[in-house]
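Enquirer: Provide a 3D model corresponding to the input given below.
(chains A and B)
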Amino acid sequence: MLRVRSSDNPDFTNLIHRIRDGDQSCFEIIVRRLERPLRAWLATHASPAVDVDEIAQRTFVIAFNKLDTFESGTNFAAWIFTIARYQLLAELQRLRRVADYHARFAPELLERELERRVQEPVECVEERLDHLRKCLDSIEGNLRKYVFWRYDEEIPLEEMANRTGRSVGAIKKQLWQIRRKLQHCVEVKMQSKSVTL
Amino acid sequence: MNEQERFDQLWNDYLEGELNETRFAELRGLMANDDGRLSAAVKDFQVHRLLCFQAKDSDARHEAFVSATMSKLRQPPDEFVRNVVGKIPRMQRSSVIPRIPNWTLSAAATFVIMATIWFFTHQRSTTIAKITDLSGPALWTGDGGRVISNLQTGTILSGGTLEGTSPSSWVELTFNDGSILTLSGDSMLTFSDLEYKELYLKRGGLSADVKPQSKPMLVYTRSAKLIIRGTRFDVQTEMASTSLDVHNGLVEIRRISDGQSVRVPASYRAVAAADQALTPVPTPSAVHSWESDMGRGSREEFYGKWKPEPNGVGGLLGAIPYVTSKEKIIFACSMSVSPAQTPVILNANSQIKVRGMLKKSSRLWVGLTLRQPGGEFAGRFQVTKQVGERFDLTFLLSEFELDPSLKHAQAELPTELDGLIIDAIYAHTLHDQVGLEVSHFGISESTLP
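Expert: Residues are numbered from 1 along each chain as shown, chains lettered A, B, ... in the order given. Predicted coordinates for the structure are as follows:
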């Protein structure tokens, strides 16, 4: 079952009818509504070698072409995520056939664990993302700058070390501690408020 | 350092892409020893990925994704099948193994071994070149339609199409025989090397340093065919003309429209176009000043969306979005400066001018893509400034600094810009669409001491 907040799961029935009648532009509304949660979900479940945007795009193209097989009255967003799940699993299978894949991109155990989680019920990623933003706002500015430098500005660790007068190792450790704090904060928020549709 | 601390250190190095093979193996071992570590690592990985996602997320990226996805829906069925379905791994057929006599299995095994040897031998022969340096976004399409967008130095390629997808793109390709091609700017090149090298320059500019060839290398553009045995040259193609500058050796250029051909020696230039004589002329002397001409409508040397100026006198080159190699969207416009014209060379007194407008005040980047007199890439150098809705800026050469995305190649790039040729001039804003439109680019010499 797809767990989403209610505003994430509008009634797509009317749009689907119109697309089936030939109004392709209605599909754009669906893409606009679902692309962010879909890409965010893929980003957290795909190993580093996977091109998340490509899988998301492929998912929408397949959904569009297979729209006749969608069962009216069922959860359309869940249907899209199911297509994405199979596309992601297929991509992971393809990557495993690349001989040096594990040596280059991800420890095999990490990838297996991610693959296991792909098959779990899809949670509300957009809600998780909202919580992450709030948690980021709640950490003190001195620590927040590390996140901004690393993720928004993509400043090399050496440069961050120069700016702060700390060692590269200390910067890495600092980032790791911040991520743990954020993870804990998000988990607490997710547990205190979730909606199942 | 205990085992847990060591794991934390290796894990952080992994996320930062700093693990070598030995330490990678060590990380795998430590992960396998403790389920708790794996669980913690996955959680940390997911937070890391969400932070990356939210940092790169923007309305512009959202629009670009929606637009790209919708354009794929509109492809005709055949193209769709090639581009999309062709990439989806096929389902493995389930099979039942019948009882087979042993001799048949032996023969089959021999066949498989021979076929495998042939396959790998054949595979080796189809890798014809590798990327030896690159900067900016680029794509390679080959191997039955496979598209690679994360090209890296060392990527080995079979024949296919290499595409620079922005004005700042630059890719150096080295063939197995040591011949080097440099593709720069918004450009597209299809290449193969079976019995001889065959190149189709469909868009943009190419510099080549070709080793002596047993069979001539052929370069096709829309308006010309070049025949090369071993030389150094630059070629630039536009809709109706091809400009060739030879630095070393001799190149034959044949005009497609009437089959006429000439041989172009070193330090000479020829332009193949239907409306001018195909005659080699000495390479023009360099100049130090240049003015953009925005008034003649959209042209190939523009990167951006052209429109006439409201007063009807000139034109405006509007910034268009593109995704950088770091998957950030910026809004850029650019103009080729030297390739098809007289080389424009920087000197210590050079001034760079840009005039235009924005819908709202924003930080603006202005930059130059430069090359060495021999044709080699010399880097991108830029300057940034907060500007208002209308701007008319003049920068001194000394204000320009190396584009940070080229920091990895800093040691190989010149530090003095004096004497370098300007390939292109560009302007861009970052992330948010603020309606950048440029009405004028210019290079001049300061008269002040």
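
Enquirer: count of neighbours near residue B:217?
Expert: Using other C-beta atoms under 10 Å in any protein chain shown, residue B:217 has 24 other residues around it. The C-beta positions use only the backbone N, C-alpha and C, and glycine is treated the same way.

Enquirer: which ones are touching it?
Expert: B:179, B:196, B:197, B:198, B:199, B:210, B:227, B:228, B:229 (C-beta atoms under 8 Å, 6 or more residues apart in numbering or on different chains).

Enquirer: any idea what it is bridged to?
Expert: residue B:228 (DSSP bridges).

Enquirer: so residue B:440, which of the three states?
Expert: Following DSSP: H, G, I helix; E, B strand; the rest coil, we place residue B:440 in the strand state.

Enquirer: tell me the pLDDT of the residue lying closest to it once chain neighbours are set aside.
Expert: Distances taken as C-beta to C-beta, 6 or more residues apart in numbering or on different chains place residue B:355 nearest to residue B:440, at 4.1 Å, with adjacent residues excluded. Reading off the confidence values, residue B:355 has pLDDT 94.

Enquirer: next, work out how far apart residue B:355 and residue B:291 are.
Expert: 11 Å (C-beta to C-beta, to the nearest Å).

Enquirer: and residue B:134, that one's in a strand?
Expert: Yes: assessed by three-state DSSP, residue B:134 belongs to a strand.

Enquirer: in chain A, which helix is the longest?
Expert: The helix spanning the most residues in chain A, taking DSSP state H as the definition, is helix A:168-192.

Enquirer: and the chain, what are its domain boundaries?
Expert: All of this refers to chain A. Annotated domains of chain A cover A:6-123, A:126-192 [automatic domain parsing].

Enquirer: that's the other chain; I wanted chain B
Expert: B:3-56, B:126-282, B:290-445.

Enquirer: so for residue A:42, which of these sits nearest?
Expert: Of all those, domain B:3-56 sits nearest to residue A:42, with 9.2 Å by C-beta to C-beta.

Enquirer: can you tell me the centre-most residue of chain A?
Expert: With distances taken as C-alpha atoms, centre = their mean, the residue of chain A nearest its centroid is residue A:40 (2.0 Å).

Enquirer: quick check: the gap between the residue lying farthest from the centre of chain A and chain B.
Expert: Largest separation from the mean C-alpha position in chain A: residue A:165, at 34.4 Å (C-alpha atoms, centre = their mean). From residue A:165 across to chain B, the span is 20 Å (C-beta to the nearest C-beta, to the nearest Å).

Enquirer: how far away is that residue from residue A:171?
Expert: 11 Å.

Enquirer: repeat that for residue B:377.
Expert: From residue B:377 to residue A:171 the distance is 32 Å (C-beta to C-beta).

Enquirer: beyond the lowest-mean-pLDDT helix or strand in chain A, next helix or strand please.
Expert: The weakest-scoring helix or strand in chain A, judged by mean pLDDT, DSSP states H and E, is helix A:101-104 (a mean of 50). Sequence-wise, the next helix or strand downstream of helix A:101-104 (DSSP states H and E) is helix A:108-118.

Enquirer: so which elements touch that next one?
Expert: helix A:25-45, helix A:76-96, helix B:21-32, helix B:35-56 (3 or more C-beta pairs under 8 Å, 6 or more residues apart in numbering or on different chains; DSSP states H and E).

Enquirer: and the next helix or strand after it, how far from the chain's centre?
Expert: Next helix or strand after helix A:108-118 toward the C-terminus (DSSP H and E): helix A:125-138. Computed by C-alpha atoms, centre = their mean, to the nearest Å, the chain-centroid distance of helix A:125-138 equals 13 Å.

Enquirer: so for helix A:125-138, mean pLDDT?
Expert: On average, helix A:125-138 scores 88.

Enquirer: how about it and chain B, any contact?
Expert: Yes: Helix A:125-138 reaches chain B (C-beta under 8 Å from any C-beta of the partner chain) through A:128, A:129, A:132, A:133.

Enquirer: burial of the second one, as a residue count?
Expert: The local packing count at residue A:129 equals 21, with neighbours defined by other C-beta under 10 Å.

Enquirer: ok, it - contacts?
Expert: Going by C-beta under 8 Å, 6+ apart, residue A:129 touches A:36, A:40, B:50, B:53, B:54.

Enquirer: if we use 7 Å, what do you get?
Expert: For residue A:129, the contact set (C-beta atoms under 7 Å, 6 or more residues apart in numbering or on different chains) comprises A:40, B:50, B:54.

Enquirer: ok, it to residue B:50 distance?
Expert: The value you get for residue A:129 to residue B:50, if C-beta to C-beta is used, is 6 Å.

Enquirer: could I get the domains of chain A as CSV with distance to residue B:152?
Expert: Rendered in CSV, the data for the domains of chain A read as follows (distance: least, C-beta to C-beta, whole Å):
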stretch, distance to residue B:152
domain A:6-123, 11
domain A:126-192, 17
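
Enquirer: out of these, which one sits most buried?
Expert: Most buried of these, by mean neighbour count (mean count of other C-beta atoms under 10 Å in any protein chain shown): domain A:6-123, with a mean of 17.

Enquirer: any idea how many residues pack against the residue nearest to residue B:440?
Expert: Neighbours around residue B:355, by other C-beta under 10 Å: 15.

Enquirer: next one: the one 3 residues further on
Expert: Taking other C-beta under 10 Å as the neighbour definition, residue B:358 ends up with a count of 18.
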